[in-house]
Structure formats: C-alpha cells, structure tokens
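**Q** Show me how the following folds:
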Amino acid sequence: MTEALIRLFIKNPEKTHDPAVRAAYGNLASWVGILCNLALCVGKFMVGTLSGSISVAADAVNNLSDASSSVVSLLGFRLGSRPADEEHPYGHARFEYLSGLAVAVMVLVIGLELGKTSLGKILAPTPVTFSWVTVGVLAASILVKLWMALFNRKVGGRIHSGALIATAADSRNDVLATGAVLAAALISHFARVELDGWMGLAVALFILYSGVGLVKSTIDPLLGLAPDPELVKYIHERVMSYPNVLGTHDLMVHDYGPGRQFASVHVEMAAEGDVMASHDVIDNIERDFLENDGLHVVIHFDPIVTSDERVGDMRRWLSEAVKEIDGALTIHDLRMVPGPTHTNLIFDCVVPAGFAMSELDVKQAIKHLVRKKDPRYFCVITVECGYAALPHGGKAHG
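**A** Residues are numbered from 1 along each chain as shown. Sure thing, here's the model as predicted:
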C-alpha cells in the first residue's frame, strides 16, 4: 500500500534529493497522518464518551495531538521547500525543525492536561460501561498505527527525514499506549478492578515522556548537532576514492535543514604533482557530491611533501604514536624544518570535542613521545577541535 500511495501521489519518486520531490513525500506523509489520526480520534472519542472511559478519551486526544502534529509538519514541509532568497541564501529547510519544536510543545501541553483529568478520575472514580465496540475500535486503532509506523519509517528513511522517522516511532509508541488502554478495559470488565483513571494517567505520562524526547530531537539540530558518524565516514571514504588523494582532515558539516547540508574539508595531495591536475580532481569531487548526494562541499587543497622520505616516515610514525595518548587523536600538515642543532616538527593535532585533556597537556604528552624518539626534534604544535570525528576504525592521514 505504501508503494501504491507513493506512485499515485509523487512524481519522479526516485529523485529524493530534489527539494520538490522531498516536499511531495513530506506532504503525502502529513496528509496520511492527518486523515488517519482524525478518523481514530473521532472513533475513540465517541466510544470513550459513551462508555465514560477517561483512558479511551485520553487516547482519542492523543490521536488528535498526532493529527495536529501532522498539520504542523505539513506546514513545515511546505515552508521548508521554499527556494533560497536574498535574505535566506541557504534556503528555508529549518522550518521543518521549527515545526517539529512546535509539535513537541503541543504534545507536552496535552500530556499535562490529560494528567490532570486522569488524576481527577483516580480521586473520584466513576463506573465505565464496557462494550465490545470499544474493544473493536481499540483493536482497529492498533492495526492502523502499526501500518502508520511502517509507512512513516519507510518514507522517512527514503528522504532521510528525522521528523518522519520520529513520527514512525511515535506511531509505534501509540500502539503500546492503545494496547495498554485495551488491556485496562478488558481487565476492568472481567476482573472487576477499576483501572481506567490509572491507565489514563499512564497514557498522559507516556505522552509527556514522548514530548520531552521530541523537544530534544528538534532542538539538537537547531543548536548545531554533530553530524551523523555514518555521513562523516561516507564523505571521508568517498573523497579518498579519488585518484591522488592522500588524506582528509578538518571536515565540517553545516546543517541548514533536511536536504540543505553544506560541508568543507581539507584534502591532501602531493605538493610535487601538477597543480592544475589536482585542482581538476577537487572540482570533480565537489561536483559529484552535489549531483549525487545533494551535498554542497567546499574543498581546501593541502599540498603534502611526498618526495622527502624523512618527512613521510615521521608523519606515519607520529600518526600512530599519538594513538598511545588517545585513539581519537590525529595529526596533519606535518612539516620538518632542519637546523644545525635541532629540527622543528610543525604540525596540527586534532582533538575531539569535549576532550578530557587540556591543550597544554596534549602538547606536553606529544612532546614527551617525540623527545623519547629523538631529543633533537622540537615540536611546534597547533591543537584544533574536531567538529566531525571519524567513526572508530576510520583512517585519517597526516
């Protein structure tokens, strides 16, 4: 059914890097969410009102909040798909994050209101009328939410939308919440134990928990979340696959919203090579990332001396030696300046964000290692913070 909906409502669905296609996917997912959740809300609200069940009514309001979330998501996708303009040269895709934040706040407010109502039902319980219609509606809701979870996960994965993947998780959680309400209705009827108010409170607490998670997931990219390690690894390995590339470092990824990512990276190539040929390779890398991945990449060319065997040997040794201090440390831009009494080793050392050692301690530790190797070496070290660390096992070159 998911593929049928995609073929029916989306033109050129395979071109997921196209902002218009991405917006079409977002619009489809949002309308599916709106219609399904409104239908579930109406059905549960009618059953909850007739039976006097606060937990069923709470679940109905949860569906209403999900429908409202889909409306806000729809607005976010539409505003986010607007092209760049003079005032916003990087586009408007962060509207998706802002809409997600608005949804999260709505979820928290609804959770608080449901909690208050449920506490009132616990303190002053009223009998709940059991019916198999209630059971049927709740069971149907579970099936619909299961399908919605699969639908949103598939669409979200296809367009790499954190908002839709979060919606899929929310639908999966709704299956658990509705299952709990159904269990409470059956237990209350057959065991004569009144659980309605308590289950309503449980649903409210679950909504609040989900709301807090949504707030975090939407605020993180607005604050500047570290790039996905898999993306970092992909960029590194893709760049290293081009001819004459010796290494990469200083990768930075800037997120201006889904489908609006910009990156900059230093690429090391032989200093003795033809400059025009190296420039041509860099142009190809930048163009291929844009055409194949929709990623705007700016590359800085770092010339590396490869004809001096001493420099190469020292670079390789030092790259491994700093791992004794911490496996996350890397070095790059190594130069050797020999003199009559000592040789200066000039290089940069990259440390991960939040590294426990101070800059001074890092320098002293490296100098100690180098001094043990040869006391005639004098280190001139620039310590840099790594904005996008390679996953464990990734290879960075010096």
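
**Q** tell me the SS of the nearest residue to Val380 once chain neighbours are set aside?
**A** Distances taken as C-beta to C-beta, 6 or more residues apart in numbering place Ile346 nearest to Val380, at 4.5 Å, with adjacent residues excluded. (Each C-beta comes from the backbone N, C-alpha and C, glycine too.) When classified by DSSP: H, G, I helix; E, B strand; the rest coil, Ile346 comes out as strand.

**Q** So Ile346 is in contact with His332, correct?
**A** No - look at Ile346 against His332 with C-beta atoms under 8 Å: they stay out of range, at 11.4 Å.

**Q** With neighbour numbers in mind, choose between these two.
**A** The residue with more neighbours, out of Ile346 and His332, is His332; 22 against 14, by other C-beta atoms under 10 Å.

**Q** Run through the neighbouring helices and strands of the helix or strand harbouring the more buried one.
**A** His332 belongs to strand 330-338 when assigned by DSSP states H and E. Applying 3 or more C-beta pairs under 8 Å, 6 or more residues apart in numbering; DSSP states H and E, we find strand 330-338 packed against strand 245-255, helix 309-321, strand 343-352.

**Q** Just put these in CSV and tack on mean pLDDT.
**A** Output for those, formatted as CSV (pLDDT from 0 to 100):
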stretch, mean pLDDT
strand 245-255, 88
helix 309-321, 91
strand 343-352, 92
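
**Q** how far away is Arg376 from Thr343?
**A** 6 Å (C-beta to C-beta, to the nearest Å).

**Q** Can you tell me the SS state at Glu87?
**A** From three-state DSSP, the assignment for Glu87 is coil.

**Q** can you list the domain ranges for the chain.
**A** 2-223, 229-386 (automatic domain parsing).

**Q** Out of these, indicate the one that is most buried.
**A** The highest average neighbour count among the domains of the chain, using mean count of other C-beta atoms under 10 Å, belongs to domain 2-223 at a mean of 19.

**Q** quick one: which helix or strand includes the residue lying farthest from the centre of the chain?
**A** Among residues of the chain, the one most distant from the C-alpha centroid is Pro340; the distance is 53.5 Å, by C-alpha atoms, centre = their mean. Under the criterion DSSP H and E, no helix or strand holds Pro340.

**Q** Next, it: phi, psi?
**A** Torsion angles at Pro340 (phi, psi; degrees, to the nearest 10) stand at phi -70, psi -30.

**Q** Now do it, the pLDDT please.
**A** We note a pLDDT of 88 for Pro340 in this prediction.

**Q** mean pLDDT lowest for which of the domains of the chain?
**A** domain 2-223 (a mean of 81).

**Q** Show me where the chain has its strands.
**A** Secondary structure of the chain by DSSP state E: the strands cover 245-255, 261-270, 296-304, 330-338, 343-352, 377-386.

**Q** so what strands line up beside the third one?
**A** Looking at strand 296-304 with DSSP bridges, its paired strands and their directions are strand 261-270 (parallel).

**Q** can you list contacts of the strand it pairs with?
**A** Under the contact criterion C-beta atoms under 8 Å, 6 or more residues apart in numbering, strand 261-270 has outside partners 90, 235, 239, 244-256, 278, 281-282, 285, 289, 294-304, 306, 332, 397.

**Q** Could you rerun that using 7 Å?
**A** Residues outside strand 261-270 that contact it (C-beta atoms under 7 Å, 6 or more residues apart in numbering): 235, 239, 244-256, 278, 282, 295-304, 306, 397.

**Q** just stretch 204-220 next, same as before
**A** Under C-beta under 7 Å, 6+ apart, the answer for stretch 204-220 is 58, 62, 97, 100-101, 103-104, 107-108, 110-111, 114-115, 118, 162, 166, 170, 173, 177.

**Q** again with stretch 290-310
**A** The contact list for stretch 290-310 (C-beta under 7 Å, 6+ apart) reads 17, 246, 259, 261-272, 278, 282, 285-286, 289, 311-312, 333, 336.

**Q** One more: stretch 24-35?
**A** With C-beta under 7 Å, 6+ apart as the criterion, stretch 24-35 contacts 5, 9-11, 66-67, 70-71, 73-74, 77, 151-152, 155, 158-159, 161, 164, 167.

**Q** 8 Å - rerun?
**A** Outside stretch 24-35, the residues touching it (C-beta under 8 Å, 6+ apart) are 5-6, 9-11, 13, 16, 66-67, 69-71, 73-74, 76-78, 80-81, 96, 148, 151-152, 155-156, 158-159, 161, 163-164, 167.

**Q** got the CA coordinates for that stretch in CSV?
**A** Extracted C-alpha coordinates of stretch 24-35, given in CSV (Å, rounded to 0.1, in the frame of the first residue of the first chain):
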residue,chain,number,x,y,z
ALA,A,24,5.9,15.9,-2.0
TYR,A,25,6.9,13.0,0.2
GLY,A,26,6.5,15.2,3.3
ASN,A,27,3.1,16.4,2.1
LEU,A,28,1.9,12.8,1.5
ALA,A,29,3.1,11.6,4.9
SER,A,30,1.5,14.6,6.6
TRP,A,31,-1.9,14.1,4.9
VAL,A,32,-1.9,10.4,5.7
GLY,A,33,-1.2,11.3,9.4
ILE,A,34,-3.9,13.9,9.4
LEU,A,35,-6.6,11.7,7.9
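
**Q** Right, I'll call it a day here.
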